[in-house]
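A.B. asks: okay, sequence plus prediction incoming.
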Amino acid sequence: MTGKCVWFEGIPFPSVDYSPELLREVQESFLVKDEDVLLLTFPKSGTNWLIETVCLIYSKGDPKWVQSEPIWDRSPWVETKHGYELLKEKEGPRLISSHLPVQLFPKSFFKSKAKMIYLIRNPRDVLVSGYFFWRSAKFVKRPQSLEQYFEWFVEGNVVFGSWFDHARGWMSMRDKENFLILSYEEMKWDMRSTVEKICQFLGKKLEPEELNSVLKNSSFQAMKENSMSNYSLLKGQYFEENGQLLRKGVTGDWRNYFTVAQAETFDKLFQEKMADLPQDLFLWKQ
Ligand SMILES: Nc1ncnc2c1ncn2[C@@H]1O[C@H](COP(=O)(O)O)[C@@H](OP(=O)(O)O)[C@H]1O
Ligand SMILES: CCc1ccc(OS(=O)(=O)O)cc1
């Protein structure tokens, strides 16, 4: 996948909206403020679902904001040219998204009290979701088959690098009180409790009808129909017409795509890379 990428510190990034100079500047000079909230993910982990949910919590369930401003302006990706310019100018508390690995993140964050949510997803589903997504993107080398993308993914040869390194890196922050780990799977299985958990972490209080509205407006169907959140505005310039951000929105879809041999290879690699971490961090049933 890395033929059409820009490289920084040994990691490939998309060829549009990213540059080594900017990535260095973000790391060295971007000022994270104590009142900022940061949303961190490896791509295809449910990033946009988390952003939509937090925006709706901020607006107390009122969908006006999420239906009128593109998702990449509500919570800009700090490492992109577009996001960085927007964030530098933003006054007051900011929502900030990022796919950066921990070692490339703005240094100022580690001295701040800013709150961070790290969203993790079964990497097998991240892989399958990524295969379908990047196949229609115009700014990365497109995988020609799932077999090929599987090889790239297990080698860490995909944009933003190795999923294993990304997850391990951010998990090392898990005992900090300004750090919350969530999983895509818990959002799917019990979104109400997950929203309550996010509210508690962010110090936000929702009335029951406001919480119901957060759930309704962050649902798969609502997001799929919301042109400010479904990436339809990026078709043409960034994605082919058949590209879809909201593809299936389920857990365990990898079972429909992995061969028995691929499933075994993945299990072995997961054991090798992650066995020393507490296994209750990984809530999916494989
Ligand atoms: N409201 C929602 N509910 C469930 N899944 C959602 C969702 N919004 C986005 N997703 C899923 O999150 C994945 C995209 O992740 P990201 O936002 O990090 O790019 C896609 O997974 P699938 O491709 O498995 O369907 C997409 O369908
Ligand atoms: C324009 C670059 C880019 C990078 C990553 C994306 O995926 S995700 O939706 O943030 O996971 C999309 C666009």
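C.D. replies: Everything's here; your move. Numbering: from 1, shown residues only. Ligands and ions are numbered 1, 2, ... in the order given.
A.B. asks: what number of residues lie near the closest residue to residue 201 other than its chain neighbours?
C.D. replies: Distance criterion CB to CB, 6 or more residues apart in numbering; nearest residue to residue 201, sequence neighbours excluded, is residue 180 at 4.7 Å. Every C-beta, even on glycine, is put in place using the N, C-alpha and C of the backbone. For residue 180, the neighbour count with other CB atoms under 10 Å is 17.
A.B. asks: residue 110 now?
C.D. replies: 12.
A.B. asks: likewise for the one 3 residues further on?
C.D. replies: The tally of other residues near residue 113 (other CB under 10 Å) stands at 12.
A.B. asks: residues contacting it?
C.D. replies: Residue 113 makes contacts with 34, 178, as judged by CB atoms under 8 Å, 6 or more residues apart in numbering.
A.B. asks: quick one: secondary structure of it?
C.D. replies: Following DSSP: H, G, I helix; E, B strand; the rest coil, we place residue 113 in the coil state.
A.B. asks: now do it, the pLDDT please.
C.D. replies: Note for residue 113: predicted pLDDT of 97.
A.B. asks: is ligand 1 contacted by the strand or helix carrying the residue nearest to residue 201?
C.D. replies: Assessed by DSSP states H and E, residue 180 sits inside strand 179-183. No: under the criterion of CB under 6 Å from any ligand atom, ligand 1 is not reached by strand 179-183; the shortest gap measures 12.3 Å.
A.B. asks: that strand: what's the following helix or strand?
C.D. replies: By DSSP H and E, the next helix or strand past strand 179-183 is helix 184-189.
A.B. asks: check which residues of that following helix are buried.
C.D. replies: By 16 or more other CB atoms under 10 Å, the buried positions in helix 184-189 come out as 184, 185, 186, 187, 188.
A.B. asks: next: stretch 37-54.
C.D. replies: Neighbour counts over stretch 37-54 (16+ other CB under 10 Å) mark 37-54 as buried.
A.B. asks: would you mind measuring the gap between the ends of that stretch?
C.D. replies: 10 Å (CA to CA, to the nearest Å).
A.B. asks: do it and ligand 2 come into contact?
C.D. replies: Yes: contact of stretch 37-54 with ligand 2 (CB under 6 Å from any ligand atom) involves 43, 44, 47, 48.
A.B. asks: quick one: contacts for the third one?
C.D. replies: The contact partners of residue 47, taken as CB under 8 Å, 6+ apart, are 39, 41, 97, 99, 119.
A.B. asks: do I have it right that the first one meets residue 52?
C.D. replies: No: when contacts are counted by CB atoms under 8 Å, residue 39 is not listed as touching residue 52 (10.5 Å).
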